[in-house]
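> next come a sequence and a model predicted from it.
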Amino acid sequence: MSHVVREPRGRTTQGVGGQRGAGAVQRPLQVREDAERGRPREDGQGAQTGTSHPPRLCAAAGVNTGWVTETTRPTAETTGPTAETPRPVAVVTGASSGIGAATARALAAQGFEVVCVARRVDRIEALAAQIDGRAVRGDVTSATDVASLVEQVGGRCDLLVNNAGVYPSGFLLDIDAAEWDRIMDLNVRVPFLLTQLVAKQIIAAGRGGAVVNISSGAAHRMRRSVVPYCLSKTALDRLTKGYALELAQFGIRVNAVEPGFAAGSTSSPLTDEHVRQTLAGIPLGRASGPEDAAAAVLFLCSPAASYITGTSVAVDGGNSIGSLAVHQAKKTPL
């Protein structure tokens with residue numbers, strides 16, 4: 001069964017498991033140089049191929065791991081539909097709603113061509129149309145769909161955001177092996193496989209790049225009734241550090257974002273009392289929104305974070321710091 005892929009400006013092709021249609025836009029994959037002007041060009045976050053000003057905040061000598069460089073800074077000659085330098089490409093999984101959708105919008109606002117990946121094709125098609133991106137319907141737990149997705153990107157991936165995940169509730173004595181496998185598959189195996197395949201593309205293209213995993217504070221603190229989830233996020237934290245260690249030599253940075261407490265969803269409902277108690281313990285006094293995590297993703301893939309890899313950024317309003325409880329009669333300062 002073929003799926004739908006939406007190219008920028010309404011062009012459509014086949015999706016995961018299908019072939020590109022005749023109307024697909026063929027974008028340049030390699031760095032090209034303007035011979036008349038002698039000005040070097042760069043492909044997204046790629047390595048430079050000429051004498052020019054170095055990229056801002058380069059993470060390693062000769063490797064551009066940010067998205068803004070002196071040679072790609074827009075000018076009157078390089079902006080618009082005829083510009084030779086293509087937009088950097090970001091792949092965002094779980095982009096149909098929440099953090100994934102917010103991240104896709106934020107990246108598009110910064111000039112990325114965003115490939116929105118999810119199973120809800122109606123939602124990602126609508127999102128892709130809004131942000132001039134691409135929509136790919138696919139099941140990231142399927143090795144075949146994942147391989148086909150990476151193949152479709154065609155070597156043009158500068159940023160991968162592993163956002164797809166699951167947050168089920170259940171005591172260890174109640175869940176079965178199939179549920180355990182489902183949690184570990186989506187929360188650990190999928191980021192492992194996607195990062196591996198995308199990293200190989202980036203390395204083959206000779207460019208730097210970035211990977212951001214959406215993790216959780218549960219990676220550091222166990223919670224009753226969601227122990228498998230906590231374990232999966234602990235594994236993702238270690239996977240983030242492991243990939244950071246092994247991919248650094250190729251100019252690929254790997255980090256994680258730990259979003260703060262949200263009020264739950266239809267798939268992971270929370271009681272009103274639980275929400276009230278949790279909010280009361282957050283130092284900054286509010287729940288987390290999708291845009292909070294998206295802002296952290298933007299930072300981690302920006303030139304400002306070019307010397308940061310293997311770390312996890314807690315975006316939780318201070319919830320992971322400690323308790324707000326005051327064990328004395330005077331409850332507030334001043």
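Nice, thanks for sending it over.
> what's the neighbour count on residue 132?
Using other Cβ atoms under 10 Å, residue 132 is surrounded by 15 other residues. No exception for glycine: its C-beta is placed from N, CA and C like everyone else's.
> thought it was touching residue 108?
Yes: counting by Cβ atoms under 8 Å, residue 132 does reach residue 108; the two are 6.7 Å apart.
> distance of residue 107 relative to residue 282?
According to Cβ to Cβ, to the nearest Å, residue 107 stands 27 Å off from residue 282.
> which strands or helices does the helix or strand harbouring residue 213 pack on?
When elements are assigned from DSSP states H and E, residue 213 belongs to strand 209-214. Strand 209-214 sits against strand 159-162, helix 190-205, helix 227-247, strand 252-259, helix 290-300, with contacts defined as 3 or more Cβ pairs under 8 Å, 6 or more residues apart in numbering; DSSP states H and E.
> mean confidence for that strand?
For strand 209-214, mean pLDDT is 98.
> list the contacts of that strand.
With contact meaning Cβ atoms under 8 Å, 6 or more residues apart in numbering, strand 209-214 is reached by 45, 65, 94, 99, 157-163, 165, 191, 195, 198-199, 202, 236, 239-240, 243, 247, 251-257, 259, 293, 297, 300-301.
> buried among those residues? Make that a ChimeraX selection.
Remark: buried members of the contacts of strand 209-214, expressed as a ChimeraX selection using 16 or more other Cβ atoms under 10 Å:
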select :45,65,94,99,157,158,159,160,161,162,163,165,191,195,198,199,202,236,239,240,243,247,251,252,253,254,255,256,257,259,293,297,300,301
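> and the strands in the protein, which stretches?
Along the chain, the segments classed as strands by DSSP state E run 4-6, 12-14, 89-93, 113-118, 134-137, 159-162, 209-214, 252-259, 312-315.
> which stretches of the stretch 51-200 of the chain aren't confidently modelled?
Per-residue confidence for the stretch 51-200 of the chain (pLDDT under 70) gives these ranges: 51-84.
> kindly recompute the last result at 90.
Applying pLDDT under 90 to the stretch 51-200 of the chain flags the ranges 51-86, 138, 143-156.
> mind jotting down where the helices sit in it?
All helices of the stretch 51-200 of the chain, identified by DSSP state H, counting those that start in this stretch, fall at 98-109, 121-131, 143-153, 177-184, 190-205.
> could I have the first one exported to PDB, CA atoms only?
Yep, that's helix 98-109 we're talking about. Extracted C-alpha coordinates of helix 98-109, given in PDB (Å, rounded to 0.1, in the frame of the first residue of the first chain):
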ATOM      1  CA  GLY A  98       2.100  18.100  20.400                       C
ATOM      2  CA  ILE A  99       5.900  18.600  20.600                       C
ATOM      3  CA  GLY A 100       6.500  17.100  17.200                       C
ATOM      4  CA  ALA A 101       4.200  19.600  15.400                       C
ATOM      5  CA  ALA A 102       5.500  22.500  17.500                       C
ATOM      6  CA  THR A 103       9.000  21.500  16.600                       C
ATOM      7  CA  ALA A 104       8.200  21.200  12.900                       C
ATOM      8  CA  ARG A 105       6.700  24.700  12.900                       C
ATOM      9  CA  ALA A 106       9.700  26.200  14.800                       C
ATOM     10  CA  LEU A 107      12.200  24.600  12.500                       C
ATOM     11  CA  ALA A 108      10.400  25.800   9.400                       C
ATOM     12  CA  ALA A 109      10.300  29.300  10.800                       C
END
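> for that helix, which outside residues touch it?
With contacts defined as Cβ under 8 Å, 6+ apart, helix 98-109 is touched by 90, 92-95, 114, 116, 118, 123, 127, 130-133, 159, 161, 163-164, 214, 259, 265, 289-291, 293-295, 297-298, 301.
> now do that helix against strand 113-118, angle only.
Relative orientation of helix 98-109 versus strand 113-118 (axes from the mean of the first three to the mean of the last three Cα atoms, to 10 degrees): 160 degrees.
> wouldn't residue 128 be in contact with residue 116 here?
Yes: Residue 128 lies in contact with residue 116 (Cβ under 8 Å); the separation is 5.2 Å.
> which of those two has more residues huddled nearby?
residue 116 (32 against 25).
> verify the contact between that one and residue 124 for me.
Yes: between residue 116 and residue 124 there is a contact at 4.2 Å, judged by Cβ under 8 Å.
> quick one: the strand holding residue 213 to helix 190-205, angle?
170 degrees.
> can you pull up the most central residue in the protein?
For the chain, the residue nearest the mean C-alpha position is residue 161 (1.5 Å; Cα atoms, centre = their mean).
> ok, that residue - contacts?
By Cβ under 8 Å, 6+ apart, the contact list for residue 161 reads 90-93, 100, 103, 107, 211-212, 214, 297.
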